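Asker: Pasting the sequence and the predicted coordinates here, then a few questions.
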Amino acid sequence: RAPFPGAGSNIALRWVDRVLRGTGQVVFQGNWLTGLFILVAIGINSRVYLVAALVGVVASTGTALLLRMDRGLVDAGLCGFNGVLLGIGLNAYLSQDFTAGQWPDALLYVYIVVGAAMTTVMLAAISSLLGSRKVPALTAPFVFTAWMFIFATLQFGDFHPGPLLQAILPSHLIATEPVTIETWYEGTFKGIAEIFFQDNALSGIVIVIGIALNSRVSALMGLLGSLSGVAVALLYGASETPVALGLYGFNAALTAMALGGVFFVLNRMGALYTLFGTLVTVWAWATMSVLLSPLGMPTFTSAFVIVGWFFILAKAGFLGVVPIDPADSTY
Amino acid sequence: RAPFPGAGSNIALRWVDRVLRGTGQVVFQGNWLTGLFILVAIGINSRVYLVAALVGVVASTGTALLLRMDRGLVDAGLCGFNGVLLGIGLNAYLSQDFTAGQWPDALLYVYIVVGAAMTTVMLAAISSLLGSRKVPALTAPFVFTAWMFIFATLQFGDFHPGPLLQAILPSHLIATEPVTIETWYEGTFKGIAEIFFQDNALSGIVIVIGIALNSRVSALMGLLGSLSGVAVALLYGASETPVALGLYGFNAALTAMALGGVFFVLNRMGALYTLFGTLVTVWAWATMSVLLSPLGMPTFTSAFVIVGWFFILAKAGFLGVVPIDPADSTY
Amino acid sequence: RAPFPGAGSNIALRWVDRVLRGTGQVVFQGNWLTGLFILVAIGINSRVYLVAALVGVVASTGTALLLRMDRGLVDAGLCGFNGVLLGIGLNAYLSQDFTAGQWPDALLYVYIVVGAAMTTVMLAAISSLLGSRKVPALTAPFVFTAWMFIFATLQFGDFHPGPLLQAILPSHLIATEPVTIETWYEGTFKGIAEIFFQDNALSGIVIVIGIALNSRVSALMGLLGSLSGVAVALLYGASETPVALGLYGFNAALTAMALGGVFFVLNRMGALYTLFGTLVTVWAWATMSVLLSPLGMPTFTSAFVIVGWFFILAKAGFLGVVPIDPADSTY
């Protein structure tokens, strides 16, 4: 995709291009316009998170330049998207109000900057492990770093872990809240917004538009993935609250986008394979949230990473699906 | 081994061959007769589980054909044995009565079918990771899929997790129950039967006979492995109840069969290596059951998978043992 | 480095060389003199642990010889250092008094011997996985084996798990104890001693001297790493007790030694990379200790292993740092 106007000759504009493109790469779109829409979507929900996203993308991309990673990767935004998520994620779970966020103090900003830098190390490390099999790192650098950093906050008096970081022993949930048409609408669009930790349906709509400007297939896949999360959860009797918050959808949306058109050709078998992976992701998210509950820790996009890796790794054994080399995918 | 009579020319009989052979492969025997004995052993304990096993093996094998995996693997039953275990496993832990099982409703059958299909994706993925080192996936596709799917059941009102899925904080157990000769007998044969989730010593005996029809060495190794589990557990002061249920033995039996004659030549050093791995498996099972207790989740054959992988991977560094290439093993 | 006098011609002295060198390799020093200082440091704190260390190093090295691992690795002490840690570790956590230790009974010695042997299998297995990327196993064989074996002790009446093996749900800690100059001094030197489970500042000093006899850079890095653990923990408001016990420092010390001069050239960027990794290790240790608290299980050197692996694996993607091939490092 064409770079941001003037990015070829001006170093400041080249950074604007990297920041926007890095933001867009969270949803597999190496397009500065998509990134711009996403930042707007975040900003209309919370300026705190907008700043956190920018700090994250600059720190992770800067680390990649400092340690001299491949310049092509850096300029494509591929060293920045995990930093975006890490920045917002750490900030959100260390805020008393998850939805609006809370301004970090200096020590927390240091923590976010080092964490974002760590996503770059993890990216290089995971690429070294999986690259020879042409399997991308996905958002694993963000998930692993976030886990590595979030658990620690309970040990430090300077941090103020938010109300969502509560440890409980899991037990069987029985759904009782009534399901309305709003559950479907809110759940689907918040499912897109929650990819970026935004508890805001309008943000979800703006992000979908941003994706569609680069790829209508990806936008459609993202929506269908998020919708599948809502549908499967309700069919199997999940509680209404997490469904309406989009929690069943944000991993499924990423899997649907990744398998449907980015890493596999979207022919008939590819569509079936995407549906299959999306379904498994919904259940895998439910599992991860139970698995982590005794620790009080968030699932992040771990379900997408795990299922995505299995389905992409499996391409080596299946002649029935047509893989797209990460280097050739639009992403 | 010779295929089921008529399997070469008749597609229905070819499916019978795949189903039986796939069942036999759980215990490393690519022989339809072994598979038949195992299905009989399951059926005499519970018709519910017999159906679950058949659904699992057909769904996983069918997925492999649909996605066009290597036909040789499919016909050898290697794409079916994880499905057998997944089918019975999900059914058993979602039954109020673990021993007899409970007929699934339609949504649970969908869950089992998708889960069994997922074992095929995991098989292809894990083979892509480990195949170049000539390390087999073992029952890891089953274990990982079962974990991925079982944890989720706590989130869905449609599912009815059984009494064994209870989360508790681990603490030190003190054994008090008296040990009798029955503990030894029941523990050893149920250790074989528990590979297939059957709490039934007679089933264990039938399975051993079925294995012996294909390989007397494997049958002997399985028995010795299960017996080792009982012996080590009692020597170190474990509670009598899990010992008599065969829980200390079912992972050890698999390790003993795998290392003793299937993946390593059973010469003197091979026997010592098998004993070593079997011993470690007994302790590793005890560890896994503690590790997973705060989640209320079953260990399945995870101890066998972990120990088996380490001992098989290690062949690259040891000149003292003689490995058998998975492709050349009787399995 | 020169072998122990007479080790070339006398088999008993060759074993002395292997034992001492294996002990030194825990801190990356293939030097019998370093090993001797470490054993003295352990012995002045507890004869129980001195014996456990010797049992561990002999059992793991003996297993490597029996299974015919590469003789060069064995003679360099690389098959022994995980055994040293496993021996002391199992003994310490199964003692009512962690600091002084408690003599094991016969069954616990068997357990330690088999565990130490298992570290050799894990070493061969992990080397098979990571060796082609020129990434060393670090102390992962010890950490994984110790986890695999320690959790099991709760199941067996013969074992007497110590008071540190208590499961609790994590919650946010608030620091209240006063910090004094002793916190800094004790924390830094105990941080070195805790690598070997010794709660003794004098032992830490003796170990630093032993390291300096082989490499002044490593000794300095170890001290700075341990000091960083104290500094970061106090800056972020950690409780004084674990800081003064050296718990924030022992993983950081290992990371600092590994990245600073052993696996990377210690130029300006190498120093920055080392600082970065050390900082992340401090937080990662805090995370691991929360993560494992519902299981009541120790972190061991897991934070070092995880961070070390990521930073070493990442060398494939970074032109800005200069890696040292494990085979060429002084280690």
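Answerer: Thanks, I have the structure now. The structure displayed is predicted, hence computed values, not measured ones.

Asker: how would you label residue A:170: helix, strand or coil?
Answerer: The three-state label given to residue A:170 by DSSP: H, G, I helix; E, B strand; the rest coil is coil.

Asker: which residues sit in contact with it?
Answerer: Neighbour list for residue A:170: A:290, A:293, A:294, B:151, B:154, B:167, B:295, B:296 [criterion: C-beta atoms under 8 Å, 6 or more residues apart in numbering or on different chains]. C-beta: built from backbone N, CA, C; applies to glycine.

Asker: would TSV of those with distance to chain C, neighbour count and secondary structure be doable?
Answerer: Shown next, in TSV, are the contacts of residue A:170 (distance: C-beta to the nearest C-beta, whole Å; neighbours: other C-beta atoms under 10 Å in any protein chain shown; DSSP: H, G, I helix; E, B strand; the rest coil):
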residue	distance to chain C	neighbour count	secondary structure
A:290	13	24	helix
A:293	10	22	helix
A:294	5	23	helix
B:151	15	25	helix
B:154	16	23	helix
B:167	10	19	coil
B:295	9	26	helix
B:296	12	21	coil
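
Asker: does any part of the helix or strand hosting residue A:109 sit near chain B?
Answerer: Mapping residue A:109 onto the secondary structure by DSSP states H and E places it in helix A:106-130. No: Helix A:106-130 is not in contact with chain B by C-beta under 8 Å from any C-beta of the partner chain; minimum separation 8.9 Å.

Asker: buried stuff in that helix?
Answerer: Neighbour-count burial for helix A:106-130 flags A:108-109, A:111-130 (criterion: 16 or more other C-beta atoms under 10 Å in any protein chain shown).

Asker: Local confidence estimate at the residue nearest the centre of chain A?
Answerer: By C-alpha atoms, centre = their mean, the mean C-alpha position of chain A lies nearest to residue A:195, the distance being 4.5 Å. Looking at residue A:195, its pLDDT stands at 96.

Asker: before we move on, what about residue A:329?
Answerer: Value listed for residue A:329 in the pLDDT field: 62.

Asker: do residue A:73 as well
Answerer: The model reports residue A:73 with a pLDDT of 93.

Asker: where's it relative to chain C, distance?
Answerer: Going from residue A:73 to chain C by C-beta to the nearest C-beta, to the nearest Å gives 8 Å.

Asker: Residue A:298 now?
Answerer: Residue A:298 is 13 Å from chain C, by C-beta to the nearest C-beta.

Asker: Name the nearest residue to that residue, sequence neighbours excluded.
Answerer: Counting by C-beta to C-beta, 6 or more residues apart in numbering or on different chains, residue A:93 is the residue found nearest to residue A:298 once chain neighbours are left out, at 6.1 Å.

Asker: That neighbour contacts residue A:159, doesn't it?
Answerer: No: using C-beta atoms under 8 Å, residue A:93 is not in contact with residue A:159, being 9.9 Å away.

Asker: what residues do these two have in common as contacts?
Answerer: With contacts defined as C-beta under 8 Å, 6+ apart, the residues shared by residue A:93 and residue A:159 are residue A:153.

Asker: need the contact list for the closest residue to residue A:195 other than its chain neighbours.
Answerer: Residue nearest to residue A:195 in three dimensions, not counting chain neighbours: residue A:250, with 4.9 Å by C-beta to C-beta, 6+ apart. Residue A:250 makes contact with A:191, A:192, A:194, A:195, A:226, A:229, A:301, according to C-beta under 8 Å, 6+ apart.

Asker: okay, those in a markdown table with distance to residue C:17 and secondary structure next?
Answerer: Listed next are the contacts of residue A:250 as a markdown table, based on distance: C-beta to C-beta, whole Å; DSSP: H, G, I helix; E, B strand; the rest coil:
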| residue | distance to residue C:17 | secondary structure |
| --- | --- | --- |
| A:191 | 62 | helix |
| A:192 | 63 | helix |
| A:194 | 59 | helix |
| A:195 | 57 | helix |
| A:226 | 63 | helix |
| A:229 | 61 | helix |
| A:301 | 51 | coil |
